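Undergrad: Could you look at this predicted model? Sequence included:
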Amino acid sequence: MSSNSIQTDLSGKVAVVTGGSGVIGGAFCRALAESGAKVAVLGRKAENGAPVVKAIEAAGGEAQSFACNVLDRASIEAAREAVLAGFGRVDILVNCAGGVVSPATIPQDQLADLEPGMASFFTVEPEQIHKELDLNLYGTILPTQVFGPALVEAKGCVVNISSMGAYGPLTRIPGYSGAKAAISNFTEWAANYFARSGVRVNAIAPGFFQTTQNHALQFDAEGSPTPRTAKILAGTPMGRFGQVEELTGALLFLVNEQAASFVTGCILPVDGGFHCYLGV
Ligand SMILES: NC(=O)c1ccc[n+]([C@@H]2O[C@H](COP(=O)([O-])OP(=O)(O)OC[C@H]3O[C@@H](n4cnc5c(N)ncnc54)[C@H](O)[C@@H]3O)[C@@H](O)[C@H]2O)c1
């Protein structure tokens, strides 16, 4: 009996998840496997995906981990060849690698809050912002290019991961917000480009979840919520953080070729209402 929130039969399908060793990527891998897909768990090192593979196998599913740096075309091509050799096809690509690059984070919301000795927008190294744009935007475009032909052959689908930063910039993380806005835009572009080839391209825009990569922004060294956390919760009409498992229903809907057969270019927010609430 599946514990997934939505029934999607993916038997015979192969799903590739970049960043599959991460918190959200891992949950996506488990949900796809539980729905019957064979899952290729991609991480910067193959061993990073081992715990996810182990959990899937323990639950009776099939998965294998592969090394794949989403910023390196040769590495993605090698991963594609290994996935095709192991599983024979690719039906689903989930571009989940990404996130905030900490040294690109601006320490204050506004310039007026700058205190002596503090780093600021003026001192952050541009290379770090570049890195953040690369990881999120090119880390989505490149795997879509490389796995694209296999997806066309299988008449498969792509799911990208956007963010609330795509609807309007989040304070402190201009590089991340810009990259996620570009991911939403690329999702719409690719939806059109692939439309008549039978490949659907959609995105999920998660709201705020308590995961490792945003922990430093949400909690201080003592583990107490930061003022930013209070603002996030005040800005979320449902008044709470999301649970990572609450993202899997959106994924299983978007990859379901019957339920979502006419759905492409959609950015699906899973955010407790954050994206549509201006605070008054
Ligand atoms: N956590 C949240 O609240 C939240 C909100 C909105 C969007 N997201 C997005 O969800 C996705 C997953 O985030 P998460 O919270 O699970 O973070 P995470 O850090 O647990 O997962 C990110 C994964 O990407 C991998 N990665 C980083 N650089 C890579 C590279 N060059 N090549 C291959 N893999 C690489 C990391 O190793 C990690 O496994 C990200 O795109 C993130 O921006 C997260």
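TA: Sure, I can see it. Numbers count the residues shown, from 1 in each chain.
Undergrad: What's the local residue count around the residue of the stretch 1-150 of the chain found nearest the ligand?
TA: Closest residue of the stretch 1-150 of the chain to the ligand, CB to the nearest ligand atom: residue 22 (2.2 Å). (Each C-beta comes from the backbone N, C-alpha and C, glycine too.) Look at residue 22: counted by other CB atoms under 10 Å, it has 23 neighbours.
Undergrad: which one is residue 242 nearest to, not counting chain neighbours?
TA: Once flanking residues are discounted, residue 242 sits nearest to residue 209: 4.8 Å by CB to CB, 6 or more residues apart in numbering.
Undergrad: Got phi/psi on the residue of the stretch 1-150 of the chain closest to the ligand?
TA: Per-residue torsions, residue 22: phi -80, psi -180 (degrees, to the nearest 10).
Undergrad: same deal with residue 92?
TA: The phi/psi pair for residue 92 (degrees, to the nearest 10) is phi -140, psi 130.
Undergrad: ok so residue 192 is a helix residue?
TA: Yes - judged by DSSP: H, G, I helix; E, B strand; the rest coil, residue 192 forms part of a helix.
Undergrad: need the contact list for it.
TA: Residue 192 is in contact with residue 265, counting by CB atoms under 8 Å, 6 or more residues apart in numbering.
Undergrad: All the strands of this structure, residue numbers only.
TA: Using DSSP state E, the strands of the chain run over residues 14-18, 38-43, 62-67, 92-95, 157-161, 200-206, 267-270.
Undergrad: what about the second one, average pLDDT?
TA: The one in question is strand 38-43. If you average the pLDDT over strand 38-43, you get 98.
Undergrad: Could I get the contacting residues of the residue nearest to residue 242?
TA: So residue 209 contacts 23-24, 241-244, 247 (CB under 8 Å, 6+ apart).
Undergrad: Just the ones in helices from the residues you listed, please.
TA: Using DSSP state H, the members of the contacts of residue 209 that fall in helices are 23-24.
Undergrad: Quick one: buried ones out of the contacts of residue 209?
TA: Neighbour-count burial within the contacts of residue 209 applies to 23-24, 241-242, 244, 247; the criterion is 16 or more other CB atoms under 10 Å.
Undergrad: and which of these is nearest residue 38?
TA: Using CB to CB, residue 24 comes nearest to residue 38 of the buried ones among the contacts of residue 209, at 20.0 Å.
Undergrad: could you dump the buried ones among the contacts of residue 209 to JSON lines with pLDDT and distance to residue 164?
TA: Formatted as JSON lines, the buried ones among the contacts of residue 209 follow (pLDDT from 0 to 100; distance: CB to CB, whole Å):
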{"residue": "23", "pLDDT": "96", "distance to residue 164": "17"}
{"residue": "24", "pLDDT": "97", "distance to residue 164": "14"}
{"residue": "241", "pLDDT": "95", "distance to residue 164": "12"}
{"residue": "242", "pLDDT": "96", "distance to residue 164": "11"}
{"residue": "244", "pLDDT": "96", "distance to residue 164": "16"}
{"residue": "247", "pLDDT": "98", "distance to residue 164": "13"}
